[in-house]
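In: 3D, please:
(3 chains)
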Amino acid sequence: MAVLTREFTVRIGADGAMADITGRVGNYVSDCGLSNGIVTVFIPGATGSVSTIEYEPGLLKDYPRAMERIAPSGVDYEHHKTWGDDNGRSHVRATLMGPSLVVPFIDGKLTLGSWQQITAINFDTRERDRRIILQIMGE
Amino acid sequence: MAVLTREFTVRIGADGAMADITGRVGNYVSDCGLSNGIVTVFIPGATGSVSTIEYEPGLLKDYPRAMERIAPSGVDYEHHKTWGDDNGRSHVRATLMGPSLVVPFIDGKLTLGSWQQITAINFDTRERDRRIILQIMGE
Amino acid sequence: MAVLTREFTVRIGADGAMADITGRVGNYVSDCGLSNGIVTVFIPGATGSVSTIEYEPGLLKDYPRAMERIAPSGVDYEHHKTWGDDNGRSHVRATLMGPSLVVPFIDGKLTLGSWQQITAINFDTRERDRRIILQIMGE
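Out: Sure thing, here's the model as predicted:
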């Protein structure tokens, strides 16, 4: 049993834009020398999240619309009074979604469905470079 | 320390219907020979999720109503234009909920509360057989 | 590779109130003797959740308002008919958020962002003491 840490950075647009990181996560897992285990995909920072999606252009528009229903851009946020920030909705959405995802791998391969990709989400109100940390554990 | 993989299939109704998989997960964990660790419960596919709930008939109705507020069935989804599918809401809900759950176990027993069950959720617009993958890690 | 279990209790207000548990989780991790791995933070019970947030007073008000949009306090819940309870919204919100969070650690330090805290959330309709279980795995 071993623990292996990998890290990379990905540039993601604003307000719920996404990046498909399946290829990079899958390559790090298949190249790490472990056969069976789990990979924890973690995004540091309070305005980012990680989940899975069928990564196609339609859903990249549908998903932010749902977030808009939960934490609309047009309402007042107390967070703006604390720091003079404009990203109250970003924080609320990220807390709802959570910053981490755990995916099993078997024989060096992620157990994702055929149409299921790992996606990193940036909820902040400006485009950002986001760090992604992979903690790979297994044998 | 060891990694043990288990897998089973469960039939689940459409549109946020659930299956209580606590018994099966708990049995696999208690029978695997490990005392302490974590089990990652993962559902492959982009329209399924795993979480916990007090599994009783009332909440099985209340929960889909909340999902309907976030990603309503009566609005247009860009996803439908991509593939001619009808399950845009299913995808949005599953991305929001996430495909995995991690539960600790101690002395071979899941650390769930007395009224807390592990539930697999099928958001797709038709009843489906869903695969559940358990990655059990511990010593 | 080792598995280490830690547990503590934290008192949290009602209806989406939060407690910042970053310090306690971080101390247990840094004091456990492991350098690299993951900590699973799990809250037993069907009305609690764990996530991350920039823990400041504004967001502690903004976040429950988003939950109110998803599972409002002023609507009927079938759950109330089952048990005579008043906390249908609490259950729906907790199922949506999930009961666990997995955070990597490197060199004994959690990989959180500078403004990102681990938060335990109590969705129940009364203030409660909530148990938090940490399963620390690594080497």
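In: on the three-state scheme, the closest residue to A:Asn36 other than its chain neighbours is what?
Out: Excluding its sequence neighbours, the residue lying closest to A:Asn36 (C-beta to C-beta, 6 or more residues apart in numbering or on different chains) is B:Val3, at 4.7 Å. From N, CA and C alone the C-beta is placed, and that goes for glycine too. Classification of B:Val3 using DSSP: H, G, I helix; E, B strand; the rest coil returns strand.
In: with A:Ile133 instead?
Out: With three-state DSSP as the criterion, A:Ile133 reads strand.
In: that one and A:Asn27: what is the separation?
Out: According to C-beta to C-beta, to the nearest Å, A:Ile133 stands 16 Å off from A:Asn27.
In: I'd say the residue nearest to A:Asn36 and A:Pro104 touch.
Out: No. With contact defined as C-beta atoms under 8 Å, B:Val3 does not reach A:Pro104; the gap is 9.0 Å.
In: nearest residue to the residue nearest the centre of chain A other than its sequence neighbours?
Out: Nearest to the mean C-alpha position of chain A, by C-alpha atoms, centre = their mean, lies A:Val50 at 2.1 Å. Distance criterion C-beta to C-beta, 6+ apart; nearest residue to A:Val50, sequence neighbours excluded, is A:Leu101 at 4.3 Å.
In: that's a helix at the one you found, yeah?
Out: No. If the criterion is three-state DSSP, then A:Leu101 is strand and not within a helix.
In: that one and A:Thr52, how far apart?
Out: 7 Å.
In: more crowded one of A:Ile133 and A:Asn27?
Out: Between A:Ile133 and A:Asn27, A:Ile133 has the larger neighbour count (other C-beta atoms under 10 Å in any protein chain shown), namely 19 against 11.
In: what's the closest non-adjacent residue to the more buried one?
Out: A:Phe42 (4.6 Å).
In: for the residue nearest to A:Val50, give me its contacts.
Out: A:40-41, A:50-52, A:118, B:98-100 (C-beta atoms under 8 Å, 6 or more residues apart in numbering or on different chains).
In: hey, what's it bridged with?
Out: In this entry, A:Leu101 is beta-bridged to A:Val41, by DSSP bridges.
In: with only the CA atoms kept, save the longest helix belonging to chain A in PDB.
Out: With residue count as the measure and DSSP state H as the assignment, chain A has helix A:57-70 as its longest helix. As requested, the backbone C-alpha atoms of helix A:57-70 are provided in PDB (Å, rounded to 0.1, in the frame of the first residue of the first chain):
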ATOM      1  CA  PRO A  57     -21.400  21.800 -24.600                       C
ATOM      2  CA  GLY A  58     -25.200  21.700 -23.700                       C
ATOM      3  CA  LEU A  59     -24.700  20.700 -20.100                       C
ATOM      4  CA  LEU A  60     -21.900  23.300 -19.600                       C
ATOM      5  CA  LYS A  61     -24.700  25.800 -20.100                       C
ATOM      6  CA  ASP A  62     -27.400  24.000 -18.200                       C
ATOM      7  CA  TYR A  63     -25.400  23.500 -15.100                       C
ATOM      8  CA  PRO A  64     -24.700  27.100 -14.300                       C
ATOM      9  CA  ARG A  65     -28.400  27.900 -14.700                       C
ATOM     10  CA  ALA A  66     -29.200  25.500 -11.900                       C
ATOM     11  CA  MET A  67     -26.600  27.200  -9.700                       C
ATOM     12  CA  GLU A  68     -28.200  30.500 -10.500                       C
ATOM     13  CA  ARG A  69     -31.500  29.200  -9.000                       C
ATOM     14  CA  ILE A  70     -29.800  28.200  -5.800                       C
END
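In: what residues sit buried inside that helix?
Out: A:58-60, A:62-67, A:70 (16 or more other C-beta atoms under 10 Å in any protein chain shown).
In: again with stretch A:66-82
Out: Buried-residue list, stretch A:66-82, by 16+ other C-beta under 10 Å: A:66-67, A:70-71, A:77-79.
In: between which two of those residues is the distance greatest?
Out: Using C-beta to C-beta, the buried residues of stretch A:66-82 span at most 22.7 Å, a distance reached by A:Ala66 and A:Glu78.
In: how close does A:Ala71 sit to chain C?
Out: Per C-beta to the nearest C-beta, to the nearest Å, A:Ala71 is found 5 Å from chain C.
In: any idea how far that residue is from C:Arg69?
Out: Taking C-beta to C-beta, one finds A:Ala71 at 8 Å from C:Arg69.
In: pLDDT score for A:Gly84?
Out: As predicted, A:Gly84 sits at a pLDDT of 84.
In: pLDDT on the helix or strand that contains A:Val39, on average?
Out: Assigned by DSSP states H and E, A:Val39 falls within strand A:37-42. Per-residue pLDDT values across strand A:37-42 average out to 98.
In: show residues contacting it.
Out: If you take C-beta under 8 Å, 6+ apart as the criterion, strand A:37-42 is touched by A:1, A:21, A:25, A:28-29, A:50, A:99-105, A:110, A:118, A:120, A:132-139, B:3, B:40, B:135, B:137, C:38, C:102-104, C:111.
In: figure out how far stretch A:85-103 is from the centre of its chain.
Out: Here stretch A:85-103 is found 9 Å from its chain centre; the criterion is C-alpha atoms, centre = their mean, to the nearest Å.
In: so is the lowest-mean-pLDDT helix or strand in chain A next to chain C?
Out: Ranked by mean pLDDT, DSSP states H and E, the weakest helix or strand in chain A is helix A:78-83, scoring a mean of 89. Yes. Shown here: helix A:78-83 in contact with chain C (C-beta under 8 Å from any C-beta of the partner chain) through A:78-83.
In: list just the nearest of those residues to B:Leu34.
Out: Using C-beta to C-beta, A:His79 is the member of the residues of helix A:78-83 next to chain C that lies nearest B:Leu34, at 43.1 Å.
In: wait, doesn't that closest one sit right on A:Asp85?
Out: Yes. The pair A:His79 and A:Asp85 qualifies as a contact (C-beta under 8 Å) at a distance of 6.1 Å.
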